[in-house]
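Colleague: Sequence plus predicted model, see below.
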Amino acid sequence: MIVLTYKCGDHAYWAWASGEGSSVSVWRPQLWPFKFAIMLGFIMLILQGIVNFLKTLGVAVKGGRQ
């Protein structure tokens, strides 16, 4: 997941630096906002996984939910 996030960030940066636009549409919208949004989604997914792991670890150490 971390590698995927890194690669998304790399693609997003490249799209921003080069001014990449969509070749499908006539008005060629910029693609970097969408690529950054995907990267941000992966970052939030990783953070949620870390939070769930720490919560589960706390329950395991304390011996039960409180």
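Modeller: Nice, thanks for sending it over.
Colleague: ok, for residue 4, nearest residue in space, not its chain neighbours?
Modeller: Of all residues not flanking residue 4 in the chain, residue 42 sits nearest, at 6.2 Å (CB to CB, 6 or more residues apart in numbering). Backbone N, C-alpha and C define where each C-beta goes, glycine included.
Colleague: Tell me which helix or strand that neighbour sits in.
Modeller: Take DSSP states H and E as the rule and residue 42 turns out to sit in helix 32-62.
Colleague: Spatially central residue for this structure, please.
Modeller: residue 42 (2.2 Å; CA atoms, centre = their mean).
Colleague: Tell me how many other residues surround residue 26.
Modeller: Here the count is done by other CB atoms under 10 Å, and residue 26 has 5 residues near it.
Colleague: and it, what does it touch?
Modeller: Taking CB atoms under 8 Å, 6 or more residues apart in numbering as the definition of contact, residue 26 has no neighbours.
Colleague: Help me confirm that it is found in a strand?
Modeller: No: the assignment for residue 26 is coil, going by DSSP: H, G, I helix; E, B strand; the rest coil, so no strand is present there.
Colleague: Report pLDDT for it.
Modeller: The predicted local distance difference test score for residue 26 is 90.
Colleague: cool, and residue 64?
Modeller: Reading off the per-residue confidence, residue 64 sits at a pLDDT of 71.
Colleague: Looks to me like it is in a helix.
Modeller: No: using three-state DSSP, the secondary structure at residue 64 is coil, not a helix.
Colleague: Which strand or helix spans the closest residue to residue 36 other than its chain neighbours?
Modeller: By the measure of CB to CB, 6+ apart, the closest residue to residue 36 outside its immediate chain neighbours is residue 12, 4.6 Å from it. When elements are defined using DSSP H and E, residue 12 is found to belong to helix 2-18.
Colleague: helices and strands around that helix, which ones?
Modeller: For helix 2-18, the helices and strands in contact under the criterion 3 or more CB pairs under 8 Å, 6 or more residues apart in numbering; DSSP states H and E are helix 32-62.
Colleague: Quick one: distance of the helix it packs on to the chain centre.
Modeller: Taking the mean of its C-alpha atoms, helix 32-62 sits 9 Å from the chain's own mean (CA atoms, centre = their mean, to the nearest Å).
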